[in-house]
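S.K.: sequence and predicted structure below; questions after.
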Amino acid sequence: MAAERVDVVVVGLGPAGASAARSAAARGCRVVAVDRRLRAGYPVQCAELVPGLVGQDVAAFAPAVRQPVQRMLTRVEDGTADERAPFPGFMIDRARFDRQLVDAARAAGAECRFAQPVTAVDACGRVVLAGGGVLEGAVVIGADGPRSRVGRALGAVNRELVYARQYTVPLRAASDATDIFLSAEITGGYGWLFPRGSHAHLGVGVTAGARARLGALLAALHAELRRDGRVGRRSHNLTGGTIPVGGRLPPQGCLGERLVLLAGDAAGLVNPVSGAGIHAAVVSGGLAGSAAADRLEGHCVAGDDYAEEIADLFGRALDHALMRRRQLWRQPRPSRAALRTGWIAYPAYWTAAADPATA
Ligand SMILES: Cc1cc2nc3c(=O)[nH]c(=O)nc-3n(C[C@H](O)[C@H](O)[C@H](O)COP(=O)(O)OP(=O)(O)OC[C@H]3O[C@@H](n4cnc5c(N)ncnc54)[C@H](O)[C@@H]3O)c2cc1C
């Protein structure tokens, strides 16, 4: 089958890929973006919490908002909850959010195709589709999530993953707070209860070694919250997924003559402590699309510039989080004090000395 040649091939149409497709197309590039999903945003594999800042980077953000949150309540082991306020953010309708980003990419002129799984990315950066079709772009953008095939072709692999499971429960009273549950039992992760009006997402994430206990940990947290009268029986929407928590990967490289850029989870742009990656995906995707356009306009160091921008924007916060994560989970059974130092809502997370072994 003859290859289809375009300026920019984007693999993945989550927040990173849709943002990349939009920004490259808006600069006049011929963009084809593919995703294996049947439609944008489904199935939802997300707790749907974003910082308020996202609104600055996504046009028409408001329709995707379900409710604002103002505070964070963190409970360490079986203690009482510590409040951090203000801790503002928004709970969003993630499917709608992703769909809006794809609509914006299409409006800018990008061709967005669903039900198109990529089966291989060869050593020359040619993108092979399940039906046998081949896409060739002068620039390839890998926005295909935590287990990115594009990243693998470049040798950039997310090796540390957190496994998450979540379902939706009725909330007994409306809430304007995100609840976080920290425990030495929830190895490498935490539990959460995030409000969405009359319901909430209840979830737990852990590292690979504790994966077999994921269901039991979630059930135990649920049972406890039911006993406390905060939530009802599990209602619906069992979901889950993997979250890369091993820090940033090199976001650019070459396959043959082609410039290859990675964005979002594919580039490891997820906070290794909180697991949040939506905002970084939107921002890095937008920058990757612009870098692709720069390259097509003859700017030969566009890839290096992109890597520098990513490091400037995200390096400090993500590297600090990675240091705290390693410091915490190196311990077989972290103490309450260590759990606090390892969580973003406590001042010690920001101020405690870096551990020389992990700094
Ligand atoms: C359970 C869970 C809860 C989370 N909760 C939050 C939260 O509350 N807040 C937050 O900020 N972050 C959260 N995250 C992380 C957040 O979802 C990601 O950081 C974000 O989705 C990254 O966007 P992305 O576009 O890089 O990747 P993705 O959203 O993963 O998009 C990648 C796209 O690539 C496609 N794809 C992958 N492989 C192929 C292939 N071979 N061929 C074609 N298409 C392919 C996928 O179908 C997908 O559409 C959560 C993650 C999980 C798993």
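M.R.: That came through, no problem.
S.K.: list the contacts for the closest residue in space to residue 64 that isn't next to it in sequence?
M.R.: Spatial nearest neighbour of residue 64, excluding adjacent residues (Cβ to Cβ, 6 or more residues apart in numbering): residue 97 at 4.0 Å. Heads up, the C-betas are built off the backbone N, CA and C, glycines and all. Taking Cβ atoms under 8 Å, 6 or more residues apart in numbering, we find residue 97 in contact with 15, 41, 58, 61, 64, 278.
S.K.: which residues touch the fourth one?
M.R.: The contact partners of residue 61, taken as Cβ under 8 Å, 6+ apart, are 54-55, 97.
S.K.: quick check: buried residues in the helix or strand bottoming out on mean pLDDT in the chain?
M.R.: Ranking every helix and strand in the chain by mean pLDDT, DSSP states H and E puts helix 54-57 at the bottom, with a mean of 84. Applying a neighbour-count criterion of 16 or more other Cβ atoms under 10 Å, one finds residue 54 buried in helix 54-57.
S.K.: contacts for that helix next, please.
M.R.: The contact list for helix 54-57 (Cβ under 8 Å, 6+ apart) reads 61-62, 90, 278-279, 282-283, 286.
S.K.: after it comes which helix or strand?
M.R.: Along the chain past helix 54-57, the next helix or strand (assigned with DSSP states H and E) turns out to be strand 65-69.
S.K.: for this structure, which helix is longest?
M.R.: Assignment by DSSP state H gives helix 302-329 as the longest helix of the chain.
S.K.: that helix: which residues count as buried?
M.R.: Buried residues in helix 302-329, counted by 16+ other Cβ under 10 Å: 302-303, 305-307, 309-310, 314, 318, 320-329.
S.K.: could you name the helices and strands sitting against that helix?
M.R.: Contact analysis of helix 302-329 by 3 or more Cβ pairs under 8 Å, 6 or more residues apart in numbering; DSSP states H and E lists strand 252-255, strand 258-262, helix 278-296, helix 336-341 as its packing neighbours.
S.K.: output these in CSV; the columns should cover distance to the ligand.
M.R.: As requested, those are exported to CSV (distance: least, Cβ to the nearest ligand atom, whole Å):
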stretch, distance to the ligand
strand 252-255, 16
strand 258-262, 9
helix 278-296, 3
helix 336-341, 20
